[in-house]
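Asks: Task: produce atomic coordinates for the following.
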Amino acid sequence: MKFERFTELKKQALALCAEEGRPLPDPGQMNPIVLALIGDSVFTFYVRLRLLTVSSHVQVIHTIAAKMVSAVMQSKAFLQLEGTLTPEESAVAHRGRNAKSLVPKSATVSEYRAATAFEALCGWLLLTDRDERLQEYMEQSFRIISEAMRKPKD
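Replies: Residues are numbered from 1 along each chain as shown. So this is what the prediction gives:
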């Protein structure tokens, strides 16, 4: 996207922020990268809350949380839980996995795509008010990631 176009879109978005009562877009029609943005925030918040019970040191919480919410760890959780998804959840994850975005150097392409599927599903579950399922999914993911982090590296 050209800088001029970005600047104009940002200006329009900021102007709309002043309006109250704007309805959320339909999560089923949202760009999967936007769902992943929301899902990443939701899972990061969940992980940080869970870590409050294990340490009162900000640096410890931050360091563990950063590793837990990394693309590598999210992909591990997603790949283990993928078979438990409903058809509707699988469709959302599929959209997330196939979304085009830049892949960071910290993960392989397949890990990053699986992590994007993971995050898109978290975002979609939140925005469609499937709170119980979101809680279950994040809890299972937290458990999988915690176990993976405790295992010694080969």
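Asks: residues of the host helix or strand of residue 47 that come out buried?
Replies: Using DSSP states H and E, the element containing residue 47 is helix 32-51. In terms of neighbour count (16 or more other C-beta atoms under 10 Å), helix 32-51 has its buried residues at 32-33, 35-36, 38-40, 42-44, 46-47, 50-51. All C-beta atoms are positioned from the backbone trio N, CA, C, and that covers glycine.
Asks: try stretch 124-139
Replies: 124, 125, 126, 127, 130, 134, 137, 138.
Asks: Which of those residues fall within helices?
Replies: The members of the buried residues of stretch 124-139 that map onto helices under DSSP state H are 124, 125, 126, 127, 134, 137, 138.
Asks: Direction-wise, compare the helix or strand hosting residue 91 with helix 32-51 and give the angle.
Replies: Under the criterion of DSSP H and E, residue 91 resides in helix 87-98. Angle of helix 87-98 versus helix 32-51, following axes from the mean of the first three to the mean of the last three C-alpha atoms, to 10 degrees, is 100 degrees.
Asks: List the contacts of helix 87-98.
Replies: With contact meaning C-beta atoms under 8 Å, 6 or more residues apart in numbering, helix 87-98 is reached by 32, 35-36, 78, 82, 85, 113-114, 116-121, 124-125, 133.
Asks: Check stretch 76-83 too.
Replies: Residues contacting stretch 76-83 (C-beta under 8 Å, 6+ apart): 90, 93, 114-115, 117-118, 121, 137, 140-141, 144-145, 148.
Asks: Just the buried positions in it, please.
Replies: So for stretch 76-83, counting by 16+ other C-beta under 10 Å, buried means 76, 77, 78, 80, 81, 82.
Asks: mind exporting the least confident helix or strand in the chain by mean pLDDT as CSV, just the C-alpha atoms?
Replies: Least confident helix or strand, the chain: helix 3-17 with a mean of 88, by mean pLDDT, DSSP states H and E. Below are the C-alpha coordinates for helix 3-17, written out as CSV (Å, rounded to 0.1, in the frame of the first residue of the first chain):
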residue,chain,number,x,y,z
PHE,A,3,2.1,5.8,1.9
GLU,A,4,-0.4,8.4,0.6
ARG,A,5,-3.2,5.8,0.6
PHE,A,6,-2.2,4.6,4.0
THR,A,7,-2.2,8.2,5.4
GLU,A,8,-5.7,8.8,3.9
LEU,A,9,-7.1,5.5,5.4
LYS,A,10,-5.6,6.3,8.8
LYS,A,11,-7.2,9.8,8.7
GLN,A,12,-10.6,8.3,7.8
ALA,A,13,-10.3,5.7,10.6
LEU,A,14,-9.4,8.3,13.2
ALA,A,15,-12.3,10.5,12.2
LEU,A,16,-14.7,7.5,12.6
CYS,A,17,-13.3,6.9,16.1
